[in-house]
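# quick one: sequence and predicted model below, then my questions.
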Amino acid sequence: MAEQLYENRELSWLKFNERVLEESEDERTPLCERLSFISIFQTNLDEFFMVRVGSLHDEMLLKDNTRENKTNMTAEEQLEAIRERVKELIKRKDISYANLMGQVEHEGIHIINFQKLDERQGAYLQTYFEQEIMPLLSPITVSKKQPFPFIKNNEICAVAVLVPKNSKAKNPKTRIGIVPCNNGMFKRLIPIPGSKGYTMLAEELILHFLPSVFQGYTIVSKSLIRVTRNADIDADKVYDEELSYRDHMAEVIKQRRKLTPVRMEYTRDLDKQVLTQMKNFLKIDKDMIFKTKSPLDLSFVFDIQDILRHKAELFFEKRFPQRSPMLDETKPLIPQILEGDKLLSYPYESIRPFLNMLTEAANDPEVVSIKMTLYRLAKHSKVVEALVEAAENGKQVDVLVELKARFDEENNIEWSRMLESAGCHVIYGLDGLKVHSKLCLITRKNGESVQYITQIGTGNYNEKTARLYTDLCLITANVGIGLEAARVFQALSLGEVLTSTEHLLVAPKCLQNKIIDKIEREIQIVKDGGEGYLCFKLNSLTDKKIIDKIIEASQAGVKVEMVIRGINCLRTGIPGMTDNVRVVSIVGRFLEHSRVYVFGKGSREEMYISSADFMTRNTVHRVEVATPIYDSKLKDMIRSMLRTQLADNVKAREQHPDGFYTYVTHDEPAIDAQAMLYVQAYEAVGAALTQVPKED
């Protein structure tokens, strides 16, 4: 029975990505948006192999027989299960892609191959290849004198099995020819003149004309391949004390590009002997070689979207973040925050008030300091602009820039340099702990009194993702919260963590334990004859200590409702164990990213918003902050949002005892939570749904 209660983390993630793939199949979703989802499915899977499979691969190579703590699987057993599941998903992706391309053709866009070309088109493409592409290629033949080349992570290459034309041997030895196809020097989609809407992928063109590249050889077989490399490198374990931490992270990025291959994909039949050679050259597990019928990189679908942008019916209806009814942006914002707590809900409401508040603080003579943690930022960050302006105006600006934000390290290194050059005090986090909190503290000296304005959010300070991710942002002048936020920053500056808190929940020492205590309180309420209730909105649930406490709560009779977008290692609906737990996952137009914790109902309800999922990496291996929501109006707003999401029967899927998810179905009127919340945001400020706001 115990094993039935838990879901393996990696297999649960694959079920989440399956829900993303379902969005590409959903006929209710506009065509061009479905193209986005199939591309997201692929990039999600790429990162899964780079990080999660890469980590398991390392465990297996080290002959680490440690079993994961929920389903008791070894790394090897997990990899085997992943392989089988991925094969199923690839077949499903290929079917979805073929279906989508068929519908795209009805819209006048054709991604064609040479079997569909007439003689005139073929002649044009041959000339184009010879003049525009072939001079830019770097072909290689593998031999004793020419070793197997380094293939970059996720780089598409054309591979050919070659036999020398001048060989007189009865059974001549074959060679492998390799041509990198995406060097950034030519277009991915090549238009065909005189044939409106007809294009060809550059790699398919290169593959077709390989005989022109390897003129001294006969091509026996050919295919496109793509190699995915392990990107799971522990920056702290390889720390070089001779370098500054920022320079060290730059070296880590370079190392990542050269890590071990963990997957190879190919698109055409290749001789088994050749596949074996490729496996040996790349030192890759034969079971991690996958054949696919669809292109190896689907990012070109966004070019198709651009071509079809004039057809509004192929896209979601336009929606724009609205102004917050809680703030009057025509007046100074800081006095309004001093009057009472404010809450912003992205993307339904604009991030603009927060950005304006930062700029206002940068120019406020009473502001003494601004302290902030930065994890991921927009490419052209207005947050950084405001911090630079504050430093140039003589404010004390302390910024913790997390250089270990995976795949954003280079971006953050550049921002840290800019902030330092402007006079900001920049620190880079703690040894062994990522700083993932979304925390900003503005300190003002108003006469003899000190005022604190604290912002705590569930998402990054990123203007771009604030239009795409659902997140919550609390801005408060509560003195207790402000003083504890100041303690967080003081600890960070000393390389320490908080060991006690009164208001905030702060990982790694004061979050997991406090959550468990609050769940225990609900269990005791039921034992005492009351009604216990828990509601959590998360991206992921993997922390076994919290999972086991939720199971205990369910057994005691506590009602548990959860909205979990991604990984969920707890199975629900198992009689006598988790039959009081309900989990739904919403995968839709916006990425559900906000984290909310609710303990109890009525007068004893405690509500928090947080940067932390219930994952061990968040609860005990990172610096995270959860803030209480004290204002009753803000509680009502969040409670209403949760009710709407739990009632969703359009984009919500409900988990079943076997761990799989199906769309929620019932006879009630259709409720698309994200669409409804956007309508409410428009109605709150009296805007029409078709109204186009001024640019932020």
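Received the coordinates, thanks. Numbers count the residues shown, from 1 in each chain.
# after the least confident helix or strand in the chain by mean pLDDT comes which helix or strand?
When each helix and strand of the chain is scored by mean pLDDT, DSSP states H and E, helix 245-256 comes last, with a mean of 48. As assigned by DSSP states H and E, the chain's next helix or strand after helix 245-256 is strand 261-266.
# which neighbouring elements make contact with that next one?
strand 217-229, helix 272-282, strand 289-291 (3 or more CB pairs under 8 Å, 6 or more residues apart in numbering; DSSP states H and E). (Each C-beta comes from the backbone N, C-alpha and C, glycine too.)
# go through those and pick out the most buried.
strand 217-229 (a mean of 20; mean count of other CB atoms under 10 Å).
# what's the average pLDDT for that one?
Over the span of strand 217-229, the pLDDT mean works out to 93.
# what strands flank it, and is each parallel or antiparallel?
strand 156-164 (antiparallel), strand 261-266 (antiparallel) (DSSP bridges).
# where in the stretch 401-550 of the chain is pLDDT low?
Applying pLDDT under 70 to the stretch 401-550 of the chain picks out residues 404-409.
# hmm, I was thinking of the chain
1-3, 64, 233-258, 404-409, 691-696.
# what about the helices in the stretch 51-200 of the chain?
54-61, 75-106, 119-128 (DSSP state H, counting those that start in this stretch).
# which elements pack onto the longest one?
The reference is to helix 75-106. Other helices and strands packing on helix 75-106, by 3+ CB pairs under 8 Å, 6+ apart, are helix 9-25, helix 31-48, helix 54-61, strand 110-111, strand 289-291.
# any buried residues in that helix, and which?
Buried residues in helix 75-106, counting neighbours by 16 or more other CB atoms under 10 Å, are found at 75, 77-79, 81-83, 85-86, 89-90, 92-93, 96-97, 100-101, 104.
# need the strands paired with strand 217-229 in CSV (columns: mean neighbour count).
As requested, the strands paired with strand 217-229 are arranged in CSV below (neighbours: other CB atoms under 10 Å):
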stretch, mean neighbour count
strand 156-164, 22
strand 261-266, 23
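# how about the helices in the stretch 251-400 of the chain?
Under DSSP H, counting those that start in this stretch, the stretch 251-400 of the chain gives helices at 272-282, 301-307, 333-339, 352-363, 382-392.
# so which of these is nearest Asp528?
The closest of those to Asp528 is helix 333-339. By CB to CB, the value is 39.3 Å.
# just how off-centre is that closest one within its chain?
Averaging C-alpha positions (CA atoms, centre = their mean, to the nearest Å) puts helix 333-339 34 Å from its chain's average.
# repeat that for stretch 92-103.
24 Å.
# three-state assignment of the spatially closest residue to Val479 that is not a sequence neighbour?
Once flanking residues are discounted, Val479 sits nearest to Tyr452: 6.2 Å by CB to CB, 6 or more residues apart in numbering. Assigned state for Tyr452: strand (three-state reduction, DSSP: H, G, I helix; E, B strand; the rest coil).
# I'd say Tyr452 and Glu484 touch.
No - look at Tyr452 against Glu484 with CB atoms under 8 Å: they stay out of range, at 9.7 Å.
# which one's more surrounded, those two?
Glu484 (23 against 19; other CB atoms under 10 Å).
# wait, that one touches Cys510, no?
No - counting by CB under 8 Å, Glu484 stays clear of Cys510, with 9.9 Å between them.
# overlap in contacts of those two?
By the contact definition CB atoms under 8 Å, 6 or more residues apart in numbering, Glu484 and Cys510 are jointly contacted by 498, 501, 504.
# can you list those residues in a markdown table and add secondary structure, neighbour count and distance to Ile284?
Listed next are these as a markdown table, based on DSSP: H, G, I helix; E, B strand; the rest coil; neighbours: other CB atoms under 10 Å; distance: CB to CB, whole Å:
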| residue | secondary structure | neighbour count | distance to Ile284 |
| --- | --- | --- | --- |
| Leu498 | coil | 20 | 45 |
| Thr501 | coil | 17 | 47 |
| Leu504 | coil | 27 | 46 |
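# okay, the helices and strands packed on strand 261-266 in JSON lines with distance to Phe315 next?
Formatted as JSON lines, the helices and strands packed on strand 261-266 follow (distance: least, CB to CB, whole Å):
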{"stretch": "strand 217-229", "distance to Phe315": "29"}
{"stretch": "helix 272-282", "distance to Phe315": "40"}
{"stretch": "strand 289-291", "distance to Phe315": "31"}
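# out of these, which gets nearest to Phe148?
Judged by CB to CB, the one of these that comes nearest to Phe148 is helix 272-282, at 4.2 Å.
# by contact count, what packs against that closest one?
Applying 3+ CB pairs under 8 Å, 6+ apart, one finds that helix 272-282 contacts strand 175-180, strand 217-229, strand 261-266, strand 289-291.
# the nearest residue to Val401 once chain neighbours are set aside sits in which helix or strand?
Leaving aside its chain neighbours, Val401 sits nearest to Ser416 (4.4 Å; criterion: CB to CB, 6+ apart). Assigned by DSSP H and E, Ser416 falls within helix 409-421.
# counting by contacts, list what the next helix-or-strand element following that helix packs against.
Using DSSP H and E, the next helix or strand after helix 409-421 towards the C-terminus is strand 425-427. The contact analysis (3+ CB pairs under 8 Å, 6+ apart) places strand 425-427 against strand 396-401, helix 409-421.
# buried deepest among those, which one?
With a mean of 22, the top stretch among those by mean neighbour count (mean count of other CB under 10 Å) is strand 396-401.
# which neighbouring elements make contact with it?
Contacts defined by 3+ CB pairs under 8 Å, 6+ apart place strand 396-401 against strand 367-374, helix 382-392, helix 409-421, strand 425-427, helix 479-493.
# measure how it sits relative to helix 409-421, angle-wise.
Comparing the axes of strand 396-401 and helix 409-421 via axes from the mean of the first three to the mean of the last three CA atoms, to 10 degrees yields an angle of 170 degrees.
# list the contacts of Ile586.
Ile586 neighbours (CB under 8 Å, 6+ apart): 563, 565, 592, 645, 648, 651-653, 673-674.
# just these: which are in strands?
In this view, these that belong to strands under DSSP state E are 563, 592, 652-653.
# now which of these would you call buried?
563, 592, 652-653.
# export the residues you listed to TSV and append columns for distance to Met326.
Below are these laid out as TSV (distance: CB to CB, whole Å):
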residue	distance to Met326
Val563	24
Glu592	22
Ala652	28
Arg653	33
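# among these, which pair sits farthest apart?
Those two in these that are separated most widely, counting by CB to CB, are Glu592 and Arg653, at 12.1 Å.
# quick one on the thing from earlier: ok, which of the helices and strands packed on strand 261-266 comes nearest Lys15?
Evaluated over those, closeness to Lys15 peaks at strand 289-291, with 18.6 Å, by CB to CB.
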